[in-house]
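In: got a sequence here, can you build the structure:
(one chain, ligands or ions: 1)
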Amino acid sequence: MLTPDSPLVSRIHVSPNIDERRRGLTPALLILHYTGLPTVERSIEVLADPRCKVSCHYVVDETGRVTQMVAEAQRAWQAGVSSWFGETDINSASIGIEIQNPGHSGGYPDFPAAQMTAVRDLSLDIIQRYTMPAAGVLAHSDIAPARKIDPGEKFDWQGLAKAGVGHWVPPESPSEGGLKLGLGDKDECVSAMQQRLAAYGYGVPTSGEFDIATQYVVIAFQRHFRPARVDGCWDASCATTLERLIEALPKPELIT
Ligand SMILES: [Zn+2]
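Out: Okay, the predicted model is just below:
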C-alpha cells in the first residue's frame, strides 16, 4: 500500500524495486530524468519490473499526469553509479522524477508545456517539504556524466529556475578565441577547471589532465548550464558561466 506523498499525484503504480535509505540519509537532492522509452506505459512497466532493477519516486507523462511508484521515505533505484560532492549513494540522498520522453535515441521531442508545468509544481512541492537547496536540483547527467545524458540540453532549466526550481544563471554565449581546453590537454588551466567543477559538486578527476572522464563532466555541465554548444571543450564562456553559478550560491552565514 502506497499513500501519495504529494497532492499532485493522480495515480499510484507500486514498484517492487526499492530498499531502505542508508546511513540515515534523507532527501537533499532532486534528480530529474527522462525515461528514454517510447511510451509512458512502457516506462512504468520497466520501472516496476523486478528483472530491470530500476525505479523512481515519480513519473510525469506528456500530459502532466503524475504517477507515484515509490514512497519518498524509501530508496528508489534511479541514480545508479553516481556522485555529487563525494556522495556516491545518491539513491539514499535523493528523490527521483522520471519525465516521459523517448530521449535522444527516440528523436528527442520537445518537452510539452503541460508536462513542464507538472514537473515544476511537483518539484516545488518536494523542495519545500524537504527544504532542499536550489543547487540540489540536478540532471541525471550531472551525477553520472560518463553514463547518462538525460534529461538533455532541451530541458528547460531556465524556466524551472524562474519558478524557483533549481540553480541557474544566464550563461555567457559561446565565443571564439580565448581559453580553449580539450581532450588530451594537461596543464594548470585544466587543474583549475577541474577544481572549480568539483567545487560546484561534480565528481571530476583532479589530475590536471583533460581525460575522457573530464570530458564527460564538461559535456554534462554544458547540457545543464550552457546548452548553446555541447561540444566537450572548455572555453571562456563555460568558465565564466561556472564562476557566475558559484558566485550565485548562497553564502554560509558569517559568524561575527
Ligand atoms: Zn536517468
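In: and the closest residue to the ion within the stretch 101-250 of the chain, what's its pLDDT?
Out: Closest to the ion within the stretch 101-250 of the chain is His140: 3.4 Å, counting by Cβ to the ion. Where you see a C-beta, it was placed from the backbone N, CA and C, and this is true even at glycine. Per-residue confidence (pLDDT) for His140: 98.
In: so what's it up against?
Out: 31-33, 78-79, 82, 148, 150-151 (Cβ atoms under 8 Å, 6 or more residues apart in numbering).
In: how about the residues you listed, which pair is most distant?
Out: Spanning the widest gap among the contacts of His140 are Ser82 and Pro151, at 14.8 Å by Cβ to Cβ.
In: and stretch 103-110, which residues are buried?
Out: 103, 108 (16 or more other Cβ atoms under 10 Å).
In: how far does it stretch from start to finish?
Out: Taking Cα to Cα, to the nearest Å, stretch 103-110 runs 10 Å from one end to the other.
In: which stretches in the stretch 1-150 of the chain count as helices?
Out: Secondary structure of the stretch 1-150 of the chain by DSSP state H, counting those that start in this stretch: the helices cover 40-47, 113-130, 140-143.
In: looking at those, which is buried most?
Out: Scoring these by mean neighbour count under mean count of other Cβ atoms under 10 Å gives helix 140-143 as the most buried, with a mean of 26.
In: what mean pLDDT does the helix or strand following that helix get?
Out: Following helix 140-143 in sequence order, the next helix or strand is helix 157-162 (DSSP states H and E). Mean per-residue pLDDT for helix 157-162: 97.
In: try stretch 94-103
Out: pLDDT averaged over stretch 94-103 gives 98.
In: among the contacts of His140, who's most crowded?
Out: If you count neighbours using other Cβ atoms under 10 Å, the busiest of those is Ile31, which has 30 neighbours.
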